[in-house]
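# Sequence first, predicted coordinates after that:
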Amino acid sequence: MSSINSRCAAFTSEADGFVPSDGAVALVLKTREAAVRDGDNILGIVKSTGVKHDGRSQGLIAPNINSQVSLQRSLLADASMEPSDIE
């Protein structure tokens, strides 16, 4: 997308640009109680979730740091956790 010569040269030493892209994933969750009841192997527990608009930033690939920090602090508080609790 931003190559100087406007040509794609992926995976070569001639590559001089980048192309932003999108991906998708599906994650199917169930409650802890249901997982225990069903005998599932519990690999993790979601203690808090959140979404926040970045607010003013330098652009798409440079999020607003203050907004990101605010979101992370509120998620940790909601989960009654400290940053050191995350493994």
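Received the coordinates, thanks.
# Kindly tell me how buried residue 76 is, as a neighbour count.
Using other Cβ atoms under 10 Å, the number of residues around residue 76 comes to 16. Bear in mind the C-beta positions are built from the backbone N, C-alpha and C, glycine included.
# hang on, it packs against residue 47?
No - applying Cβ atoms under 8 Å as the test, residue 76 and residue 47 come out as separate, 9.2 Å apart.
# Pass me the low-pLDDT residue ranges in this structure, would you?
Along the chain, the model assigns pLDDT under 70 to residues 1, 54-61.
# so where do the helices sit in it?
Along the chain, counting by DSSP state H, helices occupy 32-38, 65-78.
# Out of the ones you listed, which is closest to residue 85?
When these are compared by Cβ to Cβ, helix 65-78 sits nearest residue 85, at 8.1 Å.
# related to what we said a few turns ago, with respect to burial, which of the helices of the chain scores highest?
With neighbours taken as mean count of other Cβ atoms under 10 Å, those reach their highest mean count in helix 65-78, at a mean of 13.
# hang on, the earlier thing: let's have the helices of the chain in JSON lines, adding distance to residue 87.
What follows is these, written out as JSON lines (distance: least, Cβ to Cβ, whole Å):
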{"stretch": "helix 32-38", "distance to residue 87": "17"}
{"stretch": "helix 65-78", "distance to residue 87": "14"}
